[in-house]
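Student: Sharing a model prediction with you, sequence too.
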Amino acid sequence: MCGIVGYLGEKNIKEVLLNGLKELEYRGYDSAGIAVLNNDRFSIFKAVGKLENLIEKTKEFQTQGFGIGIGHTRWATHGKPTEINAHPHTGEESYVVHNGIIENYAILKNMLTKAGVKFLSQTDTEVIVHLFEYYKKNTQNSFEAFEKTVQNLEGAYAILLVTKDAPDRIFFAKKGSPLLVGKSKEQEFYFASSDTAVIGEAKEVHYFDDGDYGYVSKEEIRIFDASGKEKQPHWQPLSTNKLSAQKGGFRFFMEKEIYEQATVVADTLLGRLLEDHIAFEELDETLFDQINEIKLCACGTSYHAALASSYLFERVAKVRTSVEIASEFRYKEPLLCKDTLFVVISQSGETADTLETLKMAKAAGLKTLAICNVDNSSMVRLADASILTRAGIEKGVASTKAFATQMSVLWMLSLFVAQKQNSITKEVLQEHLQTLRTLPKILEVNPSMHERIRRLSKRYLHGHGFFFIGRDIFFPLALEGALKLKEISYLHAEGYPSGEMKHGPIALADPELFTIALLPKNLLFEKSRSNIEELSARDATICVISSEVYEKADDHISIAPQPHYMQEFFEMMVALQLLSLEISVRLGNDVDMPRNLAKSVTVE
Ligand code: M6R
C-alpha cells in the first residue's frame with residue numbers, strides 16, 4: 001500500500017524523507033521516490049523495488065539550509081511498477097505525491113491532453129500536477145490553482161504538492177486516504193500518511209479530516225474544510241512508541257488486520273469491479289482459452305479460500321473445479337491434463353508445498369495462475385499469470401485480511417470466468433457486482449458485535465473441543481474458523497459439514513462439546529437449522545452465528561440481515577476471527593506469534 005511523507009525545514013531533508021519512508025515499508029510497496037526543493041533547485045530520485053535502491057541512488061545527494069521535500073512509496077494500481085510510474089510525478093515545475101485513486105482521471109486527462117499537455121506515466125496521479133499547472137497559468141497564484149485542482153478531483157486522495165513558484169510551501173489535501181501534519185519546533189513541518197513515519201521527529205500531530213486542504217510555510221499552517229472555510233489545527237501529542245503506533249492503537253497486529261479488512265478489500269476491488277463487469281488487466285485475454293477445468297491448490301487458510309471459491313466457480317461460472325491440499329498433491333502422482341488451469345493461492349507466495357505443486361503443473365505443461373499477496377514472490381515469478389490480492393503486509397501469523405482479499409479476488413475471478421464463458425445472465429452478474437460493492441461496508445467491524453463476542457468468549461475457554469459447522473460455502477468458512485481458533489488458542493477445534501455430523505461426530509455431543517454453528521439466512525437455512533437441532537437435542541452447547549434468532553441455541557452472535565449469502569459469509573468471517581482473538585486473549589496467549597507457527601512456511 002502506498003505511503004506519503006513530506007518535510008519543510010532546515011534538517012537534512014533527504015534523511016528525514018528516507019527515514020519516514022523506511023517506517024512505512026511494512027505497508028508494502030514496489031517503487032519509491034523523493035523530490036526536494038533546496039536553494040531554488042529541484043532534485044528528483046526514483047527507484048523500482050526496495051528502498052535500498054533509492055537510498056543507493058541518493059548517496060551523493062546533500063541539501064543545505066532550508067528546503068522542502070516530498071516522498072512516496074508506491075504500490076501499483078494504475079500502471080506497472082516502473083520508475084516512470086513511481087511518484088513524485090511532475091509537470092513543468094511542480095511535483096506531486098498521492099495515495100488513493102482519482103476516479104475522474106480519464107476525463108481530466110482527456111481535457112488536459114486536448115489543451116496540449118503531454119503525459120509521461122500511466123498513473124491517475126499525474127493528472128493532479130498537470131491540472132494544477134493548467135490552473136496556475138491562468139491565476140498566477142499557486143494556492144488558488146491548488147484549491148481549484150482539489151475542487152475538480154473525484155475519488156480518494158492524500159496529496160502533497162510542491163512547486164518552484166512557492167519554494168517555502170507544501171500544499172496538501174485529504175479525502176478518504178489518511179494524512180497528518182506534525183511539528184516539533186517553529187518553522188518546521190512534517191507530513192505523513194501514518195504517524196509511525198514521524199515518531200521521533202514530530203512532537204505533536206494534527207490529523208486532517210476528509211475534505212481538508214491548505215498549505216504550510218515557514219510561518220504558518222492554513223487549513224480549509226471542504227466548503228472553503230478556514231479552520232485551526234488541533235495539535236495532539238504524538239506517542240513515542242513505534243511498535244504501538246504500527247499497531248494503530250490496537251492490542252495486536254491480528255486485531256488491527258481484522259479491522260483493516262474493510263479498507264484493504266476496497267483496494268482489492270479497485271479497478272477490477274467495474275460498472276457492469278469484472279476486469280483483470282493483469283490477465284492475458286487467452287489465459288482461459290481451451291480451459292475445461294480449474295484446479296485450485298494451496299495450504300492452510302489459502303486452502304480454505306480455494307475450497308470456498310470452488311463453490312462459486314462451479315455454481316456461478318459453471319466450470320468444473322477441483323481443490324487440492326498442496327502437501328498431498330505433491331506425492332499423489334496426479335493425472336494432469338492440459339485443459340486444466342492450475343491456480344495456486346498463497347499469501348506469501350513462498351510456501352514450499354504450494355510452490356512445488358506449481359513447478360509440477362508447469363512441468364506438465366499446464367497454464368498456471370498465482371493468486372498471491374506478495375509481488376515478486378517465488379510463485380508470482382514462476383506462474384504464467386498472477387493476480388495480487390493487495391492485502392498489504394500481514395504481520396499476525398493467523399491470517400485474516402489475506403483470507404478476506406483472497407476470497408474477494410476468487411469471487412471476482414469466478415465472475416470473470418463466467419463472463420468469458422457466457423455462463424451468467426446479465427441479471428445474475430449485476431446482482432453479484434452489486435453485492436461485491438457492499439463488501440467494504442460489510443467488513444467494517446461493528447463495535448457492539450465485537451463487545452458481545454468479547455463478553456461471550458469467557459464461556460468458551462474449556463470443554464473437550466469445538467466443532468465449527470456449516471453447509472455449502474459455509475463449510476470451508478467453518479474450517480477456517482476452526483483453524484483460527486486452533487492456531488491462537490491451542491484448543492482443539494474441527495470444522496465439519498453440518499450435514500455430516502450425524503455420520504459420526506455427533507457421538508461426541510454433550511454439554512462440554514462446543515458447537516459454533518453458521519446459520520445463513522440466504523442459503524440452505526432450513527437444512528442447516530435441522531442439523532443444529534440434532535446437536536441441540538443431544539445437549540451440545542451451541543453458539544449460533546446468524547441474523548436469525550434460533551431459540552434452541554445457548555448463545556447467539558447476531559449479524560446484520562443481508563439479502564445475499566456472500567454478505568453473510570464475510571460478516572460471519574469477521575465474527576469467527578474476533579471469537580478466536582478474544583478466546584486467545586483471555587487465555588493469555590501470544591496472539592500475533594502463536595507457539596510452533598511461522599508466518600511463511602518455506603520447508604516441506
Ligand atoms: O502464505 P500461504 O498463504 O501460502 O500460507 C499458507 C499457510 O501456511 C497459512 O495460511 C497458515 O495456515 C496461516 N497461519 C493460517 O492462519
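Tutor: That came through, no problem. Residues are numbered from 1 along each chain as shown.

Student: Per the annotation, how does this protein divide into domains?
Tutor: 3-247, 253-434, 447-586 (automatic domain parsing).

Student: Next to the ligand, which bits of this protein? Give me the list.
Tutor: 299-302, 346-348, 351, 354, 397-399, 487, 597, 600-601 (CB under 6 Å from any ligand atom). C-beta here means a position set from N, CA and C on the backbone, and glycine is covered the same way.

Student: Nearest spatial neighbour of residue 406, chain-adjacent residues omitted?
Tutor: residue 305 (4.0 Å; CB to CB, 6 or more residues apart in numbering).

Student: Measure how buried that neighbour is and give me the count.
Tutor: Counted by other CB atoms under 10 Å, the residues lying close to residue 305 total 32.

Student: in the stretch 151-300 of the chain, which spans are helices?
Tutor: Secondary structure of the stretch 151-300 of the chain (DSSP state H, counting those that start in this stretch): helices at 242-246, 253-269, 300-315.

Student: For the residue in the chain that the ligand sits nearest to, which residues are in contact?
Tutor: Proximity of the chain to the ligand (CB to the nearest ligand atom) peaks at residue 300, 2.0 Å away. For residue 300, the contact set (CB atoms under 8 Å, 6 or more residues apart in numbering) comprises 399, 483.

Student: measure it to residue 259 for me?
Tutor: Residue 300 sits 22 Å away from residue 259, going by CB to CB, to the nearest Å.

Student: and if you look at residue 526?
Tutor: Distance from residue 526 to residue 259, by CB to CB: 34 Å.

Student: The two: which has the busier surroundings?
Tutor: residue 259 (20 against 7).

Student: Touching, that one and residue 250? I think so.
Tutor: Yes - the criterion here is CB atoms under 8 Å, and residue 259 meets it with residue 250 at 6.7 Å.

Student: Spatially nearest residue to residue 24, not counting backbone neighbours?
Tutor: residue 3 (3.2 Å).

Student: How far away from the center of its chain is stretch 74-85?
Tutor: 17 Å (CA atoms, centre = their mean, to the nearest Å).

Student: Please list all residues in contact with residue 533.
Tutor: So residue 533 contacts residue 552 (CB under 8 Å, 6+ apart).

Student: Which strand or helix spans it?
Tutor: Assigned by DSSP states H and E, residue 533 belongs to helix 525-537.

Student: now for the very next helix or strand once past that helix, which elements pack on it?
Tutor: Beyond helix 525-537 on the C-terminal side, the first helix or strand identified by DSSP H and E is strand 541-546. Packing contacts for strand 541-546, counted by 3 or more CB pairs under 8 Å, 6 or more residues apart in numbering; DSSP states H and E, involve strand 513-518, helix 525-537, strand 555-558, helix 565-586.

Student: Next, the buried residues of stretch 485-503.
Tutor: 485-489, 491, 493-499, 501 (16 or more other CB atoms under 10 Å).

Student: And the residue nearest the centre of this structure?
Tutor: By CA atoms, centre = their mean, the chain has its centre lying nearest to residue 264, at 2.4 Å.

Student: Isn't that one up against residue 403?
Tutor: No - in this structure residue 264 lies outside contact range of residue 403 using CB under 8 Å: 11.1 Å.

Student: Report the beta-bridge partners for the closest residue to residue 474 other than its chain neighbours.
Tutor: Spatial nearest neighbour of residue 474, excluding adjacent residues (CB to CB, 6+ apart): residue 518 at 4.4 Å. Residues in a beta bridge with residue 518, per DSSP bridges, are residue 545.

Student: Just list whatever residues bridge to the residue nearest to residue 24.
Tutor: Under the criterion used (DSSP bridges), residue 3 bridges to residue 73.

Student: Enumerate every residue touching it.
Tutor: 21, 24, 25, 27, 29, 72, 73, 99, 192, 193, 194, 197.

Student: let's go with 7 Å and repeat that
Tutor: Residue 3 makes contact with 21, 24, 27, 29, 72, 73, 193, 197 under the criterion CB atoms under 7 Å, 6 or more residues apart in numbering.

Student: List the contacts of whichever strand or helix holds residue 360.
Tutor: Following DSSP H and E, one finds residue 360 within helix 352-363. The contact list for helix 352-363 (CB under 7 Å, 6+ apart) reads 297-299, 326-327, 329-330, 336, 342, 344, 346, 368, 378-379, 382-383, 601-604.

Student: Identify each buried residue in that helix, please.
Tutor: For helix 352-363, by 16+ other CB under 10 Å, it's 352, 353, 354, 355, 356, 357, 358, 360, 361.

Student: Quick check: the gap between residue 475 and residue 577.
Tutor: 17 Å.

Student: Quick check on the two: which one has the bigger neighbour count.
Tutor: Legend: neighbour count by other CB under 10 Å for residue 475 and residue 577, higher for residue 577 (28 against 23).

Student: does the more buried one really touch residue 484, like I thought?
Tutor: Yes - if you go by CB atoms under 7 Å, residue 577 and residue 484 touch, sitting 6.0 Å apart.

Student: And the helices in the stretch 1-150 of the chain, which stretches?
Tutor: Going by DSSP H, counting those that start in this stretch, the stretch 1-150 of the chain shows helices at 13-24, 51-57, 105-114, 126-139, 142-151.

Student: Those helices: which one's closest to residue 241?
Tutor: helix 13-24 (12.8 Å; CB to CB).

Student: Give the other helices and strands that the closest one contacts.
Tutor: strand 3-9, strand 31-38, helix 51-57, strand 67-74 (3 or more CB pairs under 7 Å, 6 or more residues apart in numbering; DSSP states H and E).

Student: and residue 380, what does it touch?
Tutor: 349, 370, 372, 386.

Student: ok, for it, nearest residue in space, not its chain neighbours?
Tutor: residue 386 (4.5 Å).

Student: List the strands paired with the helix or strand containing that neighbour, with their directions.
Tutor: Residue 386 belongs to strand 385-388 when assigned by DSSP H and E. Here strand 385-388 is paired, per DSSP bridges, with strand 367-372 (parallel).

Student: for the nearest residue to residue 458 once chain neighbours are set aside, what are its contacts?
Tutor: Leaving aside its sequence neighbours, residue 458 sits nearest to residue 586 (CB to CB, 6+ apart; 6.1 Å). Residue 586 makes contact with 457, 458, 461, according to CB under 7 Å, 6+ apart.

Student: who's in contact with the closest residue to the first one other than its chain neighbours?
Tutor: Counting by CB to CB, 6+ apart, residue 457 lies nearest to residue 582, which is 3.8 Å off, once chain neighbours are set aside. Contacts for residue 582 (CB under 7 Å, 6+ apart) come out as 453, 454, 457.
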